[in-house]
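K.L.:
got a predicted structure here, sequence first:
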Amino acid sequence: MFAFVIQRLFQAVLVMLVVAFVSFSLFQFVGDPINNMVGQDATQEQREALRERLGLNDPIPIQFVNFVGNAAQFQFGLSYRLGIPVEDIIAQRLPATIELVLVSAIIALVVGVPMGVYTGLNRNSPISKVFLTVSLIGISLPTFLIGILLILIFGVWLAWLPTFGRGGTIDLGWWETSFLTLQGWRSLVLPAITLALFQLTLIMRLVRAEMLEVLRTDYIKFARARGLSNRAINFGHALKNTLVPVITIIGLQIGSLLAFSIITETVFAWPGMGLLIIQAIQFADIPVMSSYLVLIALFFVVINLIVDLLYYVVDPRLRVERGGGGH
Amino acid sequence: MRYRLGLVAAVAAVAALTLSPTQDAQAQEKVFRYATTGDVLGLDPHSNNEGPTNTMKGNIYGLLIHRKPDLSLEPDLAVSWENVDDVTWRFALREGVTFHNGNPFTADDVVYSFERQSQETSDMSFAIATIEEVRKVDDYTVEIVTNGPDPILLLNMPNFYIMDKEWVEENNSFEVVRGAGQTNFPNVNANGTGPYRVVEWVQDNRLVLEPFEGYWNADGMMSNIDRAVLTPIPNDATRVAALLSGEIDMMYPVPLQDIPRLQNEADVDVLEGPELRTIFLGFDQWRDELLDMPGTGQNPFKDQRVRAAFAHAIDLQAIQRVVMRGASTPTGLMVAPGINGFVEDLNTPYEYNPDRSRELLEEAGFADGFPVTLDCPNDRYVNDEAICNAVIPMLERIGINVSLNAQTKSLHFNKIGRAEENNTSFFMLGWTPGSYDSLNPLMQLMTTGAPGHGDWNSGRYNNQQVMDLAERIKTEMDPEARQALITEAFQIHQDDVGHVPLHQQALAWGVRTDTVAEIIQRPFNDVDLRYVVMQ
């Protein structure tokens, strides 16, 4: 177990270095930040001096080594656009995204899993059919359209909820949270639903398919023959065995929630990481972009590690093999 | 590190304050909430030179001379000024003015601000580039000495921001720094003499301002707001929705397709007006061989007739009607009305006449046309890519084979700019002179070959006569003689078809009439809070 974690950590560092290098190479194509940073009246000498100060005249490998060296000391440079340290900006933005992703993931799970179980157990009920039809909308409509529609209906027509931004936050010193005020929750509802919808549909369909699969297996038939209650069979045996692939997908999907949050945050002007990266790309703000990509790589690595560890918990066979093997 | 702790503490303190007392006071308080596409770049008045950022500085910092919405000048921190001789100006300063932190304003602050703003790292140094020295005569008099007669010194003064010497020194931030591994205190904090002080700034999230009680002209203010909150909302649809739902009182720009919808809304009004920026097309006039015609040894754009053929082939009215949905002013001059030196008589666009174009091409020996790439931004000006897309079939009608290269602004400006040696044959660009004077486009766009000339003359249009005229315009102190020189230079440029001006795009602001009583739209396309009146 311990060796396994160490091995994964080593892989993680490798993955992050590769991501950092690939992103660095890509930045050669986002354009020159200088024209965005200086006004039209700046002289050629001023432009050249700024290029030099920013190290943009250095060869790419040198820029990369400098970046990794600084990142190892948690120094990510200054944002070209905002002029403050990147680590400060990320510390300011991360809470907004994490809270949004967390609430979305919970909505997707709490609604998606029961819906999947229900439609799996009651294949032919009319409610299942309604669920499945509605879920098609969740999968096929693009996120920004869902967001705009929700804004139009609940923000403009009904005027129930705010249409943009993150209101009513309370600063705990190191974490600005929306969870402690009503206004904070009101701002959170629409973006969280927008972000959750796709995941919700996916989880529901996955759980349903797995349930149908498991219910056909022999051990369920034996369990029925043993006269166990429906409840024990469905939830104790069937659901538990559907969870391994579901956990994998959910783990990966939390990663993609972070990625999809770029669109949701742009639509709702939600001041999190997604909005930050979009604006950074438009400005060719290289320090922010590279730090963001490394951070996202870190998220994926950590999430995958957690998923692997959860397998141990859910699937006893893995524990036996590893325990006996002693690799 | 110290400033970071300070920032956290300040934010925490503000958050604690906003929790309780404002909740009760909110009813009576006149809060002006407005939104635009992006945040300001920073609060240091000497660091960045960008339209929206400059306006925000103007809310916070005082200037010797302030520019009113109609572009005329009015005294701010200077009460009067006079020419001692051709190169010396004497400014009498306003007495009894204090900065937001209570420090008194004196001549020392002007001298110090000049020294700070004229550093190379300051993007605002262009505005005071002709000033040799600012010297203190007494506490409330300064003399500005220029390095030669400078007819537009006063026009540049609204870009000269006055900081508090004591405050800057206390925070050890004389140097203007940008992206150099450190930041400076004034970029996230502010202390000016202007009518508003910064209460809170969470970047990309909200910038909160309140009127400064000690403002010298507090009684003469048109505005009645108690607080202003600027929120950046990058997404067009979200910004419109926020205005419709009443969560904000004003927003800009209104996307062209939403203007009719907002006009039909009961409590919403759309203010429209021309912007000062001119959008134009330019041609490579210096390479011996056009980039798209390798091996031919020919550059058709060196021939005035070819450039004229292009100018006559582009239907500005169609672009205005179809692409801009009426929200633009077709134009024949490289500067907009309101810019010092604008000539009404020269503002007639080139006649739309494709037959004439074909004749001209034939005369020039290009009856069969030639291939060329049009470089165009797609996220900088209103409908920029759509305009280029509209131009292409117009030119194809006269036999030119145009391919479009539309890309994001950071790539576009890099390609057509000096960084890549003006790597373009045919390009779109937009320009507003920062000094509001015609000398600026003459220097930047219409001359080349000497330091300070032609930084954005991407086609390297070059005419010695224009160059000579520009040199004289630079130092001619008599306004009438100067105007004659400007008119002559513009006439030559127009006859040469150095560029093809297209239009000034229109400003469109969405305003809620149930909360905002009056707001004055300035041609800069941004909001000066002193001209906002709430119901």
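P.N.:
Yep, it's here.

K.L.:
list the contacts of stretch B:281-297.
P.N.:
B:298-302, B:307, B:310, B:314, B:370-374, B:391, B:403, B:422-429, B:457-462, B:498-500, B:502 (C-beta atoms under 8 Å, 6 or more residues apart in numbering or on different chains). (Glycine included, C-beta is placed from N, CA and C.)

K.L.:
and stretch B:388-404, by the same measure?
P.N.:
Outside stretch B:388-404, the residues touching it (C-beta under 8 Å, 6+ apart) are B:281, B:292, B:309-310, B:313-315, B:318-319, B:322-323, B:354, B:357-358, B:361, B:366-374, B:376, B:385, B:406, B:426, B:428.

K.L.:
only the buried members of those: can you turn that into a ChimeraX selection?
P.N.:
Buried residues among the contacts of stretch B:388-404 (16 or more other C-beta atoms under 10 Å in any protein chain shown), as a ChimeraX selection:
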select /B:281,292,309,310,313,314,315,319,323,354,357,358,361,366,369,370,372,373,374,376,385,406,426,428
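
K.L.:
next step: the contacts of stretch B:388-404 restricted to strands.
P.N.:
Judged by DSSP state E, the contacts of stretch B:388-404 include B:281, B:371-374, B:376, B:406, B:426, B:428 as members of strands.

K.L.:
what's downstream of the strand or helix carrying residue B:471, the next helix or strand?
P.N.:
Per DSSP states H and E: residue B:471 is located in helix B:464-475. Using DSSP H and E, the helix or strand that directly follows helix B:464-475 along the chain is helix B:479-496.

K.L.:
tell me what that next one is packed against?
P.N.:
helix B:439-445, helix B:464-475 (3 or more C-beta pairs under 8 Å, 6 or more residues apart in numbering or on different chains; DSSP states H and E).

K.L.:
tell me which of the ones you listed is the most buried.
P.N.:
helix B:439-445 (a mean of 25; mean count of other C-beta atoms under 10 Å in any protein chain shown).

K.L.:
tell me which parts of the stretch 251-400 of chain B are close to chain A?
P.N.:
By C-beta under 8 Å from any C-beta of the partner chain, the residues of the stretch 251-400 of chain B that approach chain A are residue B:379.

K.L.:
closest residue of the stretch 251-400 of chain B to chain A?
P.N.:
residue B:379 (6.9 Å; C-beta to the nearest C-beta).

K.L.:
so that residue sits against residue B:409, correct?
P.N.:
Yes. Between residue B:379 and residue B:409 there is a contact at 5.6 Å, judged by C-beta atoms under 8 Å.

K.L.:
so where is the stretch 201-350 of chain B shaky, pLDDT-wise?
P.N.:
Across the stretch 201-350 of chain B, nothing is flagged by pLDDT under 70.

K.L.:
nearest to residue B:530, of the helices and strands packed on helix B:479-496?
P.N.:
helix B:439-445 (26.0 Å; C-beta to C-beta).

K.L.:
chain A: which of the helices and strands packed on helix B:479-496 is closest?
P.N.:
Using C-beta to the nearest C-beta, the helices and strands packed on helix B:479-496 put helix B:439-445 closest to chain A, at 7.4 Å.

K.L.:
and that closest one, how far from the chain's centre?
P.N.:
Offset of helix B:439-445 from its chain centre (C-alpha atoms, centre = their mean, to the nearest Å): 14 Å.
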